[in-house]
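Asks: Need a 3D model of the sequence below.
(chains A and B)
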Amino acid sequence: MRIGIVCPYAWDIPGGVSAHVNDLAVALIKLGHEVSVLAPAESDENLPPFVVSTGQPRAVKYNGSVARLSFGPVTARKVSKWIAEGQFDVLHVHEPLAPSLSVLAVWAAKGPIVATWHSSMDRSRMILSLAKLAQTAMEKISARIAVSEAARKTLVEHVGGDALIIPNGVDTSYFVDGHALPGWPGEGKALVFLGRVDEPRKGLEVLLKAFPLVRKEFPNIRLLIAGPGDAEEIIDDVPLSDRMAITHIGRIDNEKKPDVFASGNIYVAPNTGGESFGIVLLEAMASGTPVVASDLPAFQRVLEYGNSGVNFRNEDSEDLAKVLIATLKDESKLAELKEAGYGRAAVFDWAIVAKKVLEVYESVRLPGVKIEPDFAGQMLGRLGKLRITPERNDLNG
Amino acid sequence: MGEASGWYLGLLAIAVWYLSHQAGRLDRLHHRIEVASAALDGHLTRRAGIAAELVLLNLLDPASEAYLMQSAHDVLAGEDLPDPQRLSDESELTEALCDALEDPQDVIEFRQDPAAKQLLSELQAVCNRVSLAKRFHTEAVQDCLAIREQSLVKFFRLAGFAKLPTALEFDDRIPVGLAK
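Replies: Numbers count the residues shown, from 1 in each chain, chains lettered A, B, ... in the order given. Okay, the predicted model is just below:
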């Protein structure tokens, strides 16, 4: 099958959606399909061969943070050209409400179109009005997928209709080969935290408050923090003797992730909110590292309500310390969690997830029918685009 | 021309634009429903074909084989969707398949035979596609009905001669023995 995939966010800036698109494309190619991905990119260097760039994205405020998106007449022409030349059997757009390539592609195309909703957003006027503007595009989509219950809810509230839930995938074979960093986890055991250190929703503070309590039971335990951001200020609040047992290695490359997971006896995910799925938990499980995570609904689902990981009360450092101590003390529990984690991660392996997505493609496509340019759609597309330029609209309002 | 008639012309232009916009939406939705219905029809036809092939492998008891063959034949000889007789034939075929492949243990035994294994995994895939395609068709119909029910759309007959779309109701269960 020839599949055209559209990613609205900059390819070369790490992010959940572009990582998802990359993994999906790679998995589909492995299954023997031809895939072309259209995405904005800062530079054409180091792009995988299946990516077609629409050039430099612009920074726009969207969904509470700055997103790098791509739009404008030149971009619209590139999108149309890609669609006209692609001869795709199916067009698969991601995050179609972001004012970027995805919605342009839907406007410009006719035929079997699949869309995947990623983010979870609270019902807001901004998104509602974007949905209204993009209504004609939304109505052309033949099949809707959401990566999580929260993403599905966002779709239902803003656009209406329903979506099939197909969760994110994990490349389990990639994580299984991690080698612990030299000297880790060590005799006295170690905990691992991964994520932006100065982003409160990632919950590092909750863990840092729990850490001294854990050290009372395990005096030689250490904490490995991996992730970008300035941690000094938060770490300074930890008593000096405990601070000595904390190592912050800063931002890590994707290639290092499996090694970081392998460096700890437990991976801690103290996130306080804003998580719709919890892919990192699955990555840790695929690495064979038991997971202790806050009891956000998404995390509870990923951990099967305690079967493949342990939850603690969100934002409760004392409960976290209690859970960590109990789990660390129980060697058989740790071994059990490790095995359960492998099994749980396998369910979300990209090979399996990609096949589910492929079934959706198969169910909407018609043999002999290709994605074609939709000229009426393009005219409307231009109209729509004029109304969502960042200069005129405070997209965050 | 006075200022007032200028206003009227403007309002008229907006009204005309709005109506043509709604008509365009309807047109696209009708198209989407047609494509969805054709895709579903294709998967259903394939399903009936596989059911008939399954009979030829002589795995089942004669009674189940006769029932399965008859219902597969009815589907293949029937009209295109959304013919009501076709829909009831599809439910009948689902029933026949569910009866024949009710026991997961049987299916494991059938799969010993390489030809049957191949056929059963195709059947499993196509049953899955049928239920996805039916679901996506229903979603398209709901999107369309939401507009068709608007009073302006009704008054100006923006849907033209297009029939009011309906969801295709039939039994799309996946046989227990095939479900994972």
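
Asks: so A:I325 makes contact with A:F211?
Replies: No. In this structure, A:I325 is not within contact of A:F211 by C-beta atoms under 8 Å, at 11.4 Å. In short, each C-beta sits where N, CA and C put it, glycine included.

Asks: who's in contact with the residue nearest to A:V156 when sequence neighbours are not counted?
Replies: Spatial nearest neighbour of A:V156, chain neighbours left out: A:D162 (6.5 Å); criterion: C-beta to C-beta, 6 or more residues apart in numbering or on different chains. If you count contacts by C-beta atoms under 8 Å, 6 or more residues apart in numbering or on different chains, A:D162 has them with A:R144, A:R152, A:L155, A:V156, B:E139.

Asks: Comparing A:I325 and A:F211, which residue is more hemmed in?
Replies: A:F211 (26 against 17; other C-beta atoms under 10 Å in any protein chain shown).

Asks: Alpha carbons of the helix or strand of chain B with the lowest mean pLDDT, in PDB - could you do that?
Replies: Using mean pLDDT, DSSP states H and E, the weakest-scoring helix or strand in chain B turns out to be helix B:151-155, at a mean of 81. Presented in PDB, the C-alpha positions along helix B:151-155 are these (Å, rounded to 0.1, in the frame of the first residue of the first chain):
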ATOM      1  CA  SER B 151     -34.400  23.500   8.800                       C
ATOM      2  CA  LEU B 152     -32.600  25.800   6.300                       C
ATOM      3  CA  VAL B 153     -31.100  22.800   4.600                       C
ATOM      4  CA  LYS B 154     -34.500  21.100   4.400                       C
ATOM      5  CA  PHE B 155     -36.300  24.300   3.200                       C
END
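
Asks: residues in contact with it?
Replies: B:L19, B:Q22, B:L26, B:I147, B:R148, B:L158, B:A159.

Asks: Buried residues of that helix, list them for me.
Replies: B:V153 (16 or more other C-beta atoms under 10 Å in any protein chain shown).

Asks: before we move on, what about stretch A:47-63?
Replies: For stretch A:47-63, by 16+ other C-beta under 10 Å, it's A:F50, A:V51, A:V52, A:S53, A:T54, A:P57, A:R58, A:V60, A:Y62, A:N63.

Asks: Determine how far stretch A:28-43 lies from the middle of the whole chain.
Replies: Taking C-alpha atoms, centre = their mean, to the nearest Å, one finds stretch A:28-43 lying 17 Å from the centre of the chain it belongs to.

Asks: er, stretch A:130-141 I mean
Replies: 24 Å.

Asks: Check stretch A:318-330 too.
Replies: 28 Å.

Asks: Walking through the stretch 251-397 of chain A, point out its helices one by one.
Replies: A:257-262, A:279-286, A:297-302, A:317-329, A:331-347, A:350-364, A:375-386 (DSSP state H, counting those that start in this stretch).

Asks: These into a markdown table, with extra columns for distance to A:L128?
Replies: Converted to a markdown table, the helices of the stretch 251-397 of chain A look like this (distance: least, C-beta to C-beta, whole Å):
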| stretch | distance to A:L128 |
| --- | --- |
| helix A:257-262 | 37 |
| helix A:279-286 | 28 |
| helix A:297-302 | 24 |
| helix A:317-329 | 37 |
| helix A:331-347 | 35 |
| helix A:350-364 | 26 |
| helix A:375-386 | 15 |
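
Asks: separation between A:L133 and A:V103?
Replies: Distance, A:L133 to A:V103, by C-beta to C-beta, to the nearest Å: 9 Å.

Asks: Give me the pLDDT for residue 99.
Replies: No chain specified, so I'll use chain A. Note on A:P99: pLDDT of 78.

Asks: oops, chain B please
Replies: So, for B:D99, pLDDT stands at 90.

Asks: Distance check, it against B:S91.
Replies: 13 Å.

Asks: Buried subset of the contacts of helix B:151-155, written for PyMOL?
Replies: Buried residues among the contacts of helix B:151-155 (16+ other C-beta under 10 Å), as a PyMOL selection:
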select buried, chain B and resi 22+26+147+148+158+159
